[in-house]
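**Student:** Give me coordinates for this.
(one chain, ligands or ions: 1)
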Amino acid sequence: MYPAPFQYHRANTVDEAIRMLSDIGEGARVLAGGQSYLAILKLRFDEPTDLVDIGRIPDLDQIDDAGETVTIGALTTHNQIGSSTLAGSIPIISDCANGIADNQVRNRGTIGGSVASGDPSCDWPALLHTLDAEILCQGPGGTRTLDINGFVEDLYQTGLKPGEIITGLQFKKPAHGSGGAYCTFKRCAPAYPTISVGVQLTMTDGQVDAARIALGSAGLTPIRANAAEAELTGGSLTADQINKAAEAAVAAADPFDDQRGSVGFKQQLIATLTKRAIGIAQRRASGETIKNSHEYY
Ligand SMILES: Cc1cc2nc3c(=O)[nH]c(=O)nc-3n(C[C@H](O)[C@H](O)[C@H](O)COP(=O)(O)OP(=O)(O)OC[C@H]3O[C@@H](n4cnc5c(N)ncnc54)[C@H](O)[C@@H]3O)c2cc1C
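**Tutor:** Residues are numbered from 1 along each chain as shown. Below you'll find the predicted structure:
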C-alpha cells in the first residue's frame with residue numbers, strides 16, 4: 001500500500017525542525033532514518049499531514065566519548081555505533097548495535113528513532129536501561145533531560161511532548177570492574193527479537209556492587225527487572241542467586257502470544273538469556289574478552 005499524501009519538509013537545524021513542528025501542529029511527524037516509520041505510513045497506521053525530515057541535520061550523528069560521560073547524537077546509525085571505538089571499549093554496545101536487523105536497516109536506522117518509536121521490540125531502549133541513560137530532548141519550551149526509565153509509557157507512547165525531538169542519548173561510562181552483555185534470540189536477521197535481555201554488573205573482588213537487568217520484547221514497554229537485580233546485588237553470583245534472578249526476570253515480564261512465539265516459550269527464553277547474559281557480564285567484568293551477538297533460530 002502507498003502512504004496517504006503528506007507534505008515533506010527538510011529541516012537543516014534542530015531549531016528549524018522545532019519551528020516547523022510547532023507551526024504545522026498536530027498533523028506533523030518527525031522522520032529520521034525511516035526504518036520504522038515508513039512501514040507505519042505504508043500500512044496507513046498513521047496518516048500525518050506533514051513530515052519533518054530531521055535526517056540530514058548536521059552534527060546529530062556524532063559520538064562523544066572523550067570524558068566520563070558518553071553522548072550519542074540521535075541521528076547516529078546502528079552501524080556507526082557498532083563500528084565505533086565506543087563499541088570496542090564497551091562490549092555491551094557492540095552486542096546490541098551489530099545484531100540489529102540487517103546491514104540495510106543498520107545503515108539507515110538511528111538510535112534516536114529506536115528510542116522515540118516507543119516500540120518495546122527495539123533493542124536500544126532495553127540496552128540503555130542497563131546503562132542508566134538519559135534522553136536529551138529539545139522542543140518549543142527549550143531543552144530537557146529525561147530518564148530512560150519510564151520514558152516509554154505504553155505501547156508506542158513516550159514522554160516526548162508535542163513538537164519535541166530527541167537530540168541525543170547520554171550515560172556515564174561503566175566503572176572499572178564492570179561488565180555487561182546484551183543477549184537476544186530472534187527468528188532471522190531482519191526480524192525483531194523474540195526476547196532480549198541486557199545485564200550490566202559492577203563488581204569488586206567477585207562481589208556484585210550493582211546490577212542492572214532490562215528486558216526487550218517482553219511486554220508493552222521495555223522492562224527493568226528490579227527484583228532480579230536485587231537477587232544479584234551484594235552476592236558473589238552463586239548458581240542459586242543466578243537462578244533466582246532468572247526467575248525474578250520472568251516474573252517481571254509480561255509477554256504475549258504472537259507470531260514470534262507463545263508466552264511459555266518467551267518465558268523460557270527470558271530465563272535462559274538472563275542466565276547467559278549474567279555469565280558473559282561476569283566474565284567480562286573480570287577482564288575476559290568474549291564475543292557475543294544476537295542469536296537466530
Ligand atoms: C526489517 C526491519 C527489521 C528491524 N529489526 C530491528 C531489530 O531487530 N531491532 C531493532 O532495534 N530495530 C529493528 N528495526 C527498526 C530499526 O532499528 C529502526 O531504524 C529504528 O527503530 C527507528 O529508527 P529510524 O531512524 O529509522 O526512525 P524512523 O523510522 O524515522 O522514526 C521512528 C519513530 O520515531 C520518531 N522519531 C525518529 N527520530 C526521532 C527523534 N530524534 N526525535 C523524536 N522523534 C523521532 C518518528 O517520528 C517515528 O515515530 C527493524 C526495521 C526493519 C525495517
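**Student:** From now on I want contacts and neighbour counts done on CA atoms only, so please keep to that.
**Tutor:** Fine.
**Student:** in stretch 250-261, what's buried?
**Tutor:** 250, 252-253, 255-256, 260 (16 or more other Cα atoms under 10 Å).
**Student:** So which bits of the protein are right by the ligand?
**Tutor:** 29-37, 74, 100-101, 105, 109-110, 112-114, 116-117, 122-124, 165-167, 190-193 (Cα under 6 Å from any ligand atom).
**Student:** run the last query once more with 5 Å
**Tutor:** By Cα under 5 Å from any ligand atom, the residues of the chain that approach the ligand are 30-37, 100-101, 109-110, 112-114, 116-117, 122-123, 165-166, 190-192.
**Student:** From the rest of the structure, what touches the one helix or strand residue 135 maps to?
**Tutor:** Taking DSSP states H and E as the criterion, residue 135 maps to strand 134-139. For strand 134-139, the surrounding residues in contact (Cα atoms under 8 Å, 6 or more residues apart in numbering) are 14, 18, 143-148, 160-171.
**Student:** Drop anything exposed from the residues you listed.
**Tutor:** Here, 16+ other Cα under 10 Å leaves 14, 18, 146, 148, 160, 163-171 buried among those.
**Student:** re earlier: mean confidence for the helix or strand following the strand holding residue 135?
**Tutor:** As assigned by DSSP H and E, the chain's next helix or strand after strand 134-139 is strand 142-147. Model confidence over strand 142-147, given as mean pLDDT, is 98.
**Student:** Strand partners (parallel or antiparallel) of whatever helix or strand comes next after strand 142-147?
**Tutor:** Later in the chain than strand 142-147, the nearest helix or strand by DSSP H and E is strand 152-154. Next to strand 152-154 in the sheet, as set by DSSP bridges, lie strand 157-158 (antiparallel).
**Student:** now the helices for this structure?
**Tutor:** For the chain, helices defined by DSSP state H occupy the ranges 14-24, 37-42, 78-82, 85-89, 91-97, 103-108, 111-116, 123-130, 226-232, 239-252, 263-285.
**Student:** Of all the residues in the fourth one, which ones are buried?
**Tutor:** By 16+ other Cα under 10 Å, the buried positions in helix 85-89 come out as 86-87.
**Student:** again, but for the longest one
**Tutor:** The neighbour-count check on helix 263-285 (16+ other Cα under 10 Å) flags 266-285 as buried.
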